[in-house]
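Trainee: Sequence first, predicted model second:
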Amino acid sequence: MRLDVVTIFPEYLEPLNVSLVGKARARGQLNVQVHDLRAWTYDRHNTVDDTPYGGGPGMVMKTDPWGDALDTVLADGYETGAREPALIVPTPSGRPFTQELAVELAERPWLIFTPARYEGIDRRVTDEYATRMPVHEVSIGDYVLAGGEAAVLVITEAVARLLPGVLGNAESHRDDSFAPGAMAGLLEGPVYTKPPVWRGRDIPEVLLSGHHGKIARWRRDEALRRTTLNRPDLIERCDPKAFDKKDREM
Ligand SMILES: Nc1cc(-c2cccs2)n[nH]1
């Protein structure tokens, strides 16, 4: 997969050099290119914004720097064999980013992120590129950030970990919270490791029993408990038949 990020804060994307994404890049599983939007400005102040038509607070990001930047990124990507780009525009007014959308994006060969600052990017930019590729406006949550770069980090990590070979078998994403089918869409329950007693706190007996059926049932019950507490909305969506199946396996 190829990822391009165009931003006025390229240093904000440094975390893409470390940990899971950094290792995937080093292994060649991910090609990440970060571009400074100001490289496509030609005035003394490297201007990327201007006042909004129709008035109102704040500033709007101008068309030309984005258009020139995206044309260059696309030309470079195509030249090096990338195909089928999709534009990912982080915004509070976008489609909620979910594990389902992460799976959808992980299947694409090329994602181009356009994190905005200020009040956003002139709408004509996304209108222009929507004629050439899918444009996904994506929200990572119902809160307002100062810019989309943090959202790029979140989306990139959630997508990268789904790429084949990025997570070792030990870290399989099969049982992730929200992964369809895993615990029928429930939240993960509590986890424990050595020592067996810590500051007077024991491990739930069942986890030391070696009885896999009882352990699986306990984990399912804990997942139900946590989901009921924190995300009752997921309870309606989960597939009760999956429980029957799991009960039979236990
Ligand atoms: N979910 C979400 C996205 C954002 C922003 C994206 C770009 C500027 S602010 N805030 N909250």
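Mentor: Here it is on my side, so go on.

Trainee: all contacts plus neighbour counts: C-alpha atoms, from now on.
Mentor: Will do.

Trainee: Pull the helix or strand containing Gln33 out as PDB, backbone CA atoms only.
Mentor: Element membership of Gln33, judged by DSSP states H and E, is strand 31-36. Extracted C-alpha coordinates of strand 31-36, given in PDB (Å, rounded to 0.1, in the frame of the first residue of the first chain):
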ATOM      1  CA  ASN A  31       5.200   3.200   1.300                       C
ATOM      2  CA  VAL A  32       4.500   6.500   3.200                       C
ATOM      3  CA  GLN A  33       5.300   9.800   1.600                       C
ATOM      4  CA  VAL A  34       4.700  13.000   3.600                       C
ATOM      5  CA  HIS A  35       4.600  16.300   1.700                       C
ATOM      6  CA  ASP A  36       4.800  19.900   3.000                       C
END
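
Trainee: Which strands border that strand, and is each parallel or antiparallel?
Mentor: Note on strand 31-36: by DSSP bridges, its sheet partners are strand 2-7 (parallel).

Trainee: so does the strand it pairs with get close to the ligand?
Mentor: No: contact of strand 2-7 with the ligand (CA under 6 Å from any ligand atom) is absent, the minimum separation being 10.8 Å.

Trainee: ok, and for that strand, which residues are buried?
Mentor: 2-7 (16 or more other CA atoms under 10 Å).

Trainee: Now do the buried residues in the lengthiest helix in the chain.
Mentor: Ranked by residue count, the top helix of the chain under DSSP state H comes out as helix 212-230. Residues of helix 212-230 classed as buried by neighbour count (16+ other CA under 10 Å): 215-220, 222-228.

Trainee: Any chance of those in CSV with pLDDT and distance to the ligand as columns?
Mentor: What follows is the buried residues of helix 212-230, written out as CSV (pLDDT from 0 to 100; distance: CA to the nearest ligand atom, whole Å):
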residue, pLDDT, distance to the ligand
Ile215, 98, 37
Ala216, 97, 35
Arg217, 97, 36
Trp218, 98, 35
Arg219, 97, 32
Arg220, 96, 31
Glu222, 98, 30
Ala223, 97, 27
Leu224, 96, 28
Arg225, 97, 28
Arg226, 97, 25
Thr227, 97, 23
Thr228, 97, 25
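
Trainee: Excluding chain neighbours, give the residue nearest to Tyr12 in space.
Mentor: Nearest residue to Tyr12, sequence neighbours excluded (CA to CA, 6 or more residues apart in numbering): Glu149, at 6.7 Å.

Trainee: Thr80 versus the residue nearest the centre of the chain, what's the distance?
Mentor: Geometric centre of the chain, nearest residue: Ile155, 1.9 Å, by CA atoms, centre = their mean. To Thr80, Ile155 is 24 Å away according to CA to CA, to the nearest Å.

Trainee: again with Asp49
Mentor: 31 Å.

Trainee: Of these two, which one has the most company?
Mentor: Of the pair Asp49 and Thr80, Asp49 is the one with more neighbours under other CA atoms under 10 Å, namely 19 against 9.
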